[in-house]
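[1] Compute the structure for the input listed below.
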Amino acid sequence: MSAAAPSRHITWSRWRLLAIGGALVSLVLIAAAFAEFVAPFSPYDLDVASMLQGPSAAHWLGTDEIGRDVLSRAIFAARISVEVALVAVGVGLLGGTVIGIAAGYFGGLLDQALMRFMELLFSFPAILLAIILMASLGTNILNAMVAIGIIFIPGFSRLARAATNDVLRHQYIDAARTIGMTDARILWREVLPNVMTPLLVEATVAFAYAVLLESALSFLGLGAQPPEPSWGNMLNTGRGFMAQAPWLSIVPGMAMFIAVLGFNLLGDGLRDALDPHLRET
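    Residues are numbered from 1 along each chain as shown. Reported below is the predicted structural model:
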């Protein structure tokens, strides 16, 4: 009986993380996908008579400095964050997977050249690299997606390379080479499926980081531009009204907290669920 208790504890903890993370992520995704139906008002409608109005029956989370509904703007801002995170993580996952698998499988000079370049990118602080890229590409949402995606490539490539090196030590790779499979076929059928699990878990956690980076860029004026709602520019606006209207900062801050917490918990739960060392025999 004593041996079964830790197993039950691991199983409950694993599914609890997945359940909580999945619920929070689903809340964010539903808000992003159905913003037009969920939001009580348009995020662009002005009501000068209701400027800086506190939470009420008409405006559940109050209004901003020009009378726009804060709840509606926070809901529509979720769409921008999810879109940016989805494209950015996709760019990072695709680029990092190709580079990491190529470096790990072929090795030699290709490995050295690719990974030294990845380490060069990795040496820059993420927000600094994002600012440099945005200054070069221009300030809009599309460029923010590309900039954040480039930031993610080194991390994904290092993980893909490590997973590839682990896969290459297994006997089924030697068997595939023995029967005459080409490198391309081995990479597609044997290597890629076996390195995707840690990469997908990392992608889930990277979603949370992408939300933070997009909000940081918008806060600095390099992401979504007003009047487009973004959690970052809502925070930037709200910091000037902390004394008389604290909800202007609290609402987008809590929305970011829910999104980041949800993706992190979901990533941890997936890691526990997919880790063969933690599975029940």
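[2] Tell me where the stretch 1-150 of the chain has strands.
    Across the stretch 1-150 of the chain, reading from the start of the chain, there are no strands by DSSP state E, counting those that start in this stretch.
[3] Flag the shaky bits of it, pLDDT-wise.
    Scanning the stretch 1-150 of the chain for pLDDT under 70 picks out the ranges 1-14.
[4] residue boundaries of the helices in it?
    Along the stretch 1-150 of the chain, counting by DSSP state H, counting those that start in this stretch, helices occupy 4-33, 35-38, 70-106, 108-122, 126-137, 141-167.
[5] Including mean neighbour count and distance to residue 48, could those helices go into a markdown table?
    For every residue, glycine as well, the C-beta is placed using N, CA and C. Below are the helices of the stretch 1-150 of the chain laid out as a markdown table (neighbours: other Cβ atoms under 10 Å; distance: least, Cβ to Cβ, whole Å):
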| stretch | mean neighbour count | distance to residue 48 |
| --- | --- | --- |
| helix 4-33 | 15 | 27 |
| helix 35-38 | 13 | 24 |
| helix 70-106 | 22 | 16 |
| helix 108-122 | 14 | 48 |
| helix 126-137 | 16 | 33 |
| helix 141-167 | 22 | 28 |
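[6] TSV please, covering these and showing distance to residue 193.
    Converted to TSV, the helices of the stretch 1-150 of the chain look like this (distance: least, Cβ to Cβ, whole Å):
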stretch	distance to residue 193
helix 4-33	22
helix 35-38	36
helix 70-106	12
helix 108-122	22
helix 126-137	30
helix 141-167	9
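[7] Select, out of those, the one closest to residue 241.
    Evaluated over those, closeness to residue 241 peaks at helix 70-106, with 11.2 Å, by Cβ to Cβ.
[8] Now do the closest one and helix 141-167, the angle between them.
    Going by axes from the mean of the first three to the mean of the last three Cα atoms, to 10 degrees, helix 70-106 is angled at 40 degrees with respect to helix 141-167.
[9] these two touch, right, residue 92 and residue 160?
    No. In this structure, residue 92 is not within contact of residue 160 by Cβ atoms under 8 Å, at 10.9 Å.
[10] Name the residues that touch stretch 92-103?
    Contacts made with stretch 92-103 from outside it, assessed by Cβ atoms under 8 Å, 6 or more residues apart in numbering, are listed as 110-111, 114-115, 118, 148-164, 187, 191-192, 195, 199, 203, 206.
[11] Against residue 21, how distant is residue 267?
    For residue 267, the distance to residue 21 equals 7 Å [Cβ to Cβ, to the nearest Å].
[12] I should have written residue 85 there, sorry.
    Residue 85 sits at a distance of 15 Å from residue 21 (criterion: Cβ to Cβ).
[13] Any idea how far apart the tips of stretch 219-233 sit?
    According to Cα to Cα, to the nearest Å, stretch 219-233 extends 5 Å from its N-terminal end residue to its C-terminal end residue.
[14] and that stretch, how far out from the chain's middle?
    Here stretch 219-233 shows a centroid-to-chain-centroid distance of 18 Å under the convention Cα atoms, centre = their mean, to the nearest Å.
[15] Just the buried positions in that stretch, please.
    In terms of neighbour count (16 or more other Cβ atoms under 10 Å), stretch 219-233 has its buried residues at 219, 220, 222, 223, 224, 228, 229, 230, 231, 232, 233.
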